[in-house]
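1. Sequence and predicted model, in that order:
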Amino acid sequence: MGASDPLVVVGLDNGGTSNNATVLDASGRFLVDRLVENPSRVLQGPTVAVESLAQALDNILEVTGSPRSAVAAVGLDSPGPADADGVISSKGSTNFSQPEWRGFDFRTALEDRLQLPVVYNNDGNAAALYAHHAHFGPIAVQRSSISVIVGTGLGGGVIEGGHVVRGAAGMAGELGHVHIPTNGLLNDGQPLPECNCGFAGDAESFASLIGIERNLLPYWLTRFPGHELGKLGSVKAAAKLVRGYAERGDPMALKIFEQQAIAIGRLFTIAANFTDPSAYFVGGGVVETTPQLREWFLATVREHTALREEQARVATFSLVPDLDMAGARGSAIAALASIQER
Ligand SMILES: [Zn+2]
């Protein structure tokens, strides 16, 4: 063992409750085809969380029978906000609520603990990178894409030539906070949705669970008086039930999802005129649903993405695959790219 071991890289996806890990070999093949998780313990602070990630690495190497000496690099992703080097925002965040996390250099801390090079991406960018490579395979470096992932907020990323577009401060691809035109999108008397970031009328203010809770559901309930979801007493609880109602064909729930799909289409229209990507990917709760609702949602997004004829001929609309594994896999892809470019 040692110098003759074929190289591998490890991807570690750090989430609010668990870490998911994967191993990628130098030929670009994943050595595990399922979720391999351990508790992330981020609520116990950075020291404990870094230790949990080290355990995730040891565990995935055991599961895949890979010797530690073969690991050339590690990819780490976590929820933001963090900068391009993996320093958690000094303002703190939902996942990193402990004061010790503020301004914590997550990437360097893991690198020091593992004594291996660590490459950092935020979770949206890591998932976007995986969607891109899973779709394009060997021609990934010749293609560009944009991924939108609808969850509690709206995340995703922009990929150009197979690489994440990071920006000067690491804040490129913050798709949720891009303003979209609301003319013709807002219904009669509907107030301009507000986002937690302070903007009004940005993509996340429509297309996110928070957007449903804060903006879309309160408005649409006024248009559907007597709707069951208005009788729950908790808009937070009701917001989580909207998808189930949409799956059963509820007209109000479908209005809410239609508005989200149009908002994403308008965001993609901006992308079409900005980077003109080869592919547009959608992931998250809105498409982790029945095939019927998923197809309708994606078709509505596409219908509201205004492409020129030349663009429409070459553009693909598709789903972010294996979303539960996308962060770990995208992180591993980033780690592999980092050693191949050395
Ligand atoms: Zn925003």
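-> Right, received. Where do you want to start?
2. need the helices for the chain, in chain order.
-> Residue ranges of the helices in the chain, as given by DSSP state H, are 46-64, 106-114, 123-136, 203-206, 209-211, 217-223, 235-247, 251-274, 291-303, 309-314, 323-340.
3. For the ion, which of these is the nearest?
-> Among these, the nearest to the ion by Cβ to the ion is helix 203-206 (4.6 Å). To be clear about C-beta, it is placed using only N, CA and C from the backbone, and glycine gets the same treatment.
4. now for that closest one, which elements pack on it?
-> Using 3 or more Cβ pairs under 8 Å, 6 or more residues apart in numbering; DSSP states H and E as the contact criterion, the secondary-structure elements in contact with helix 203-206 are helix 209-211, helix 251-274.
5. How many neighbouring residues does the residue nearest to residue 14 when sequence neighbours are not counted have?
-> The spatial neighbour of residue 14 that comes closest, neighbours along the chain excluded (Cβ to Cβ, 6 or more residues apart in numbering), is residue 78 at 4.1 Å. The number of residues packed near residue 78 is 30, by other Cβ atoms under 10 Å.
6. Please apply the same query to residue 112.
-> Applying other Cβ under 10 Å, we find 12 other residues in the vicinity of residue 112.
7. again with the one 5 residues further on
-> Neighbour count of residue 117, defined by other Cβ under 10 Å: 17.
8. That one and residue 76 touch, don't they?
-> No. Taking contacts as Cβ atoms under 8 Å, residue 117 lies outside contact range of residue 76: 10.7 Å.
9. tell me how far the ends of stretch 183-195 are from each other?
-> 18 Å (Cα to Cα, to the nearest Å).
10. State the mean pLDDT of it.
-> Stretch 183-195 shows a mean pLDDT of 95.
11. what does stretch 193-212 rub up against?
-> The contact list for stretch 193-212 (Cβ atoms under 8 Å, 6 or more residues apart in numbering) reads 148, 150-154, 175-180, 182, 185, 192, 214-216, 239-240, 242, 256, 259-260, 263-264, 266-267, 285-286.
12. Please read the previous query as pertaining to stretch 228-238.
-> Applying Cβ under 8 Å, 6+ apart, the set of residues contacting stretch 228-238 from outside is 213, 217-218, 221, 224, 241-242, 245, 252.
13. In that stretch, which residues are buried?
-> By neighbour count, with 16 or more other Cβ atoms under 10 Å as the criterion, the buried positions of stretch 228-238 are 229-230, 238.
14. what do you get for stretch 314-331?
-> Using 16+ other Cβ under 10 Å as the test for burial, stretch 314-331 gives 315, 317-320, 322-323, 325-331.
15. mind putting those in JSON lines, pLDDT and distance to residue 90 included?
-> What follows is the buried residues of stretch 314-331, written out as JSON lines (pLDDT from 0 to 100; distance: Cβ to Cβ, whole Å):
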{"residue": "315", "pLDDT": "97", "distance to residue 90": "39"}
{"residue": "317", "pLDDT": "98", "distance to residue 90": "38"}
{"residue": "318", "pLDDT": "96", "distance to residue 90": "37"}
{"residue": "319", "pLDDT": "94", "distance to residue 90": "35"}
{"residue": "320", "pLDDT": "94", "distance to residue 90": "30"}
{"residue": "322", "pLDDT": "90", "distance to residue 90": "33"}
{"residue": "323", "pLDDT": "90", "distance to residue 90": "30"}
{"residue": "325", "pLDDT": "96", "distance to residue 90": "31"}
{"residue": "326", "pLDDT": "96", "distance to residue 90": "28"}
{"residue": "327", "pLDDT": "97", "distance to residue 90": "23"}
{"residue": "328", "pLDDT": "98", "distance to residue 90": "27"}
{"residue": "329", "pLDDT": "98", "distance to residue 90": "30"}
{"residue": "330", "pLDDT": "98", "distance to residue 90": "26"}
{"residue": "331", "pLDDT": "98", "distance to residue 90": "24"}
